[in-house]
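Peer 1: 3D, please:
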Amino acid sequence: MTRTALVVGTSGIVGSATAAQLVADGWAVHGLARRPQAQDGVTPVAADLQNAAGTAAALAGLSPDAVFIATWSRQATEAENIRVNAAMVRNLLDGVRPAGSVRHVALVTGLKHYLGPFEAYGKGTLPQTPFREEQGRLDVENFYYAQEDEVFAAAARDCFGWSVHRPHTIIGRAVGNAMNMGTTLAVYATLCRELGRPFRFPGSAAQWNGLTDMTDARQLARHLVWATETPAARDQAFNVVNGDVFRWSWMWGRIAEWFGLEPAPFDGSVMPLEEQMADDAGVWRGIAEREGLAEADLSRLASPWHTDADLGRPIEVVTDMGKSRRLGFLDYQPTDDAFFSLFQQLRAQRLIP
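Peer 2: Numbering: from 1, shown residues only. Below is the predicted model:
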């Protein structure tokens, strides 16, 4: 019997990868977004989750067995993040309730569960690394917690299982995505090569020298499906990363080599990409026109503010995967290969030269 999935946020990095994994696994997949993009095997559903009535109308007639929530809307303050993103989850789960079909809801959040929201990112008293799922919530307002609470309340009301997935920085392809380090670094490297600008690590000495890890969107997608299909994973929160650790002092050279660059020496000072790339929109447009690229708008490819937040952290950030491993999730993805795979895809799709 074919299982039916509703993937929320299929225009983004995580949602598109999750939809692709589910299709490959034989699920019937519906993909919800404000402006759905064509994807093989995915039936589009157009809805604005901030509109409760519109969401309910868009979901009428759907009977998903599982719902995968991989979307959020960035607001000016954390209070607004909480109000808007909690309402989006609430409207979604209210919208699928009439069918009475949902058996599992998987919510994607991230390491801001441990590090705090953007307004207090990496500040104050933080849990010891590597982060483990049993470490409780920080004593700060956080829209991730609000999203979780909406899922927990709906699960108690409607008797479905849930899982929460906390990836580290995600590597994957999506144009117009607000959190996209891989594509941002590819664009930055291309600009450095074009302008003869030093390919310099923009972040902190703690990140340059310390250990870290990341999450390939395909690894996260496999983890989401695994949790949905594994009874022991019901009603659990999980970290999810690739399984390797690295230092940026090594990875920066790997990325530079892929683009035919020499990595610039790092002197320990922070030089944010948001400042370095502030005046590069015209340069990128020129590259795109000359090379026949598919996207000439730099702002739709690069998210330097988010990359700066990750690479500028003053602490080492490593994530423990022991909980998932004990329950049988053993997938592994080398992070340098994840970057290279993304860069090849971007080049094949004419998003970088």
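Peer 1: what about the strands in the stretch 101-250 of the chain?
Peer 2: Counting by DSSP state E, counting those that start in this stretch, the stretch 101-250 of the chain has strands at residues 104-108, 161-167, 170-171, 211-212, 215-216, 236-240, 246-247.
Peer 1: okay, the ones you listed in CSV with distance to G312, mean neighbour count and mean pLDDT next?
Peer 2: The C-beta positions use only the backbone N, C-alpha and C, and glycine is treated the same way. Converted to CSV, the strands of the stretch 101-250 of the chain look like this (distance: least, CB to CB, whole Å; neighbours: other CB atoms under 10 Å; pLDDT from 0 to 100):
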stretch, distance to G312, mean neighbour count, mean pLDDT
strand 104-108, 23, 25, 98
strand 161-167, 19, 23, 98
strand 170-171, 18, 27, 94
strand 211-212, 12, 19, 96
strand 215-216, 19, 28, 97
strand 236-240, 22, 22, 98
strand 246-247, 16, 15, 97
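Peer 1: relative to L327, which of these is closest?
Peer 2: strand 236-240 (8.2 Å; CB to CB).
Peer 1: possible to save the strands of the stretch 101-250 of the chain as CSV with distance to S63?
Peer 2: Below are those laid out as CSV (distance: least, CB to CB, whole Å):
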stretch, distance to S63
strand 104-108, 14
strand 161-167, 17
strand 170-171, 30
strand 211-212, 42
strand 215-216, 31
strand 236-240, 25
strand 246-247, 43
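Peer 1: among those strands, which comes closest to M277?
Peer 2: Closest among these, once you apply CB to CB, is strand 170-171, at 19.3 Å.
Peer 1: so how far is the closest one off the chain centroid?
Peer 2: With CA atoms, centre = their mean, to the nearest Å as the basis, strand 170-171 stands 6 Å off its chain's centre.
Peer 1: partner strands of that strand, with direction?
Peer 2: strand 215-216 (parallel) (DSSP bridges).
Peer 1: end-to-end on stretch 57-75?
Peer 2: Taking CA to CA, to the nearest Å, stretch 57-75 runs 25 Å from one end to the other.
Peer 1: that one: which residues count as buried?
Peer 2: By 16 or more other CB atoms under 10 Å, the buried positions in stretch 57-75 come out as 58-59, 62, 64-73.
Peer 1: from those, which is closest to E316?
Peer 2: Nearest to E316, judged by CB to CB, of the buried residues of stretch 57-75 is W72 at 25.8 Å.
Peer 1: does the closest one touch A87 like I think?
Peer 2: No: using CB atoms under 8 Å, W72 is not in contact with A87, being 11.5 Å away.
Peer 1: and the closest residue to Q37 other than its chain neighbours, what is it in contact with?
Peer 2: Using CB to CB, 6 or more residues apart in numbering and skipping residues adjacent in sequence, the residue nearest Q37 is S11, 5.3 Å away. For S11, the contacting residues are A33, R34, R35, P36, Q37, A174, G176, by CB atoms under 8 Å, 6 or more residues apart in numbering.
Peer 1: secondary structure element holding S11?
Peer 2: Using DSSP states H and E, S11 sits within no helix or strand.
Peer 1: please consider this matter closed, and thank you.
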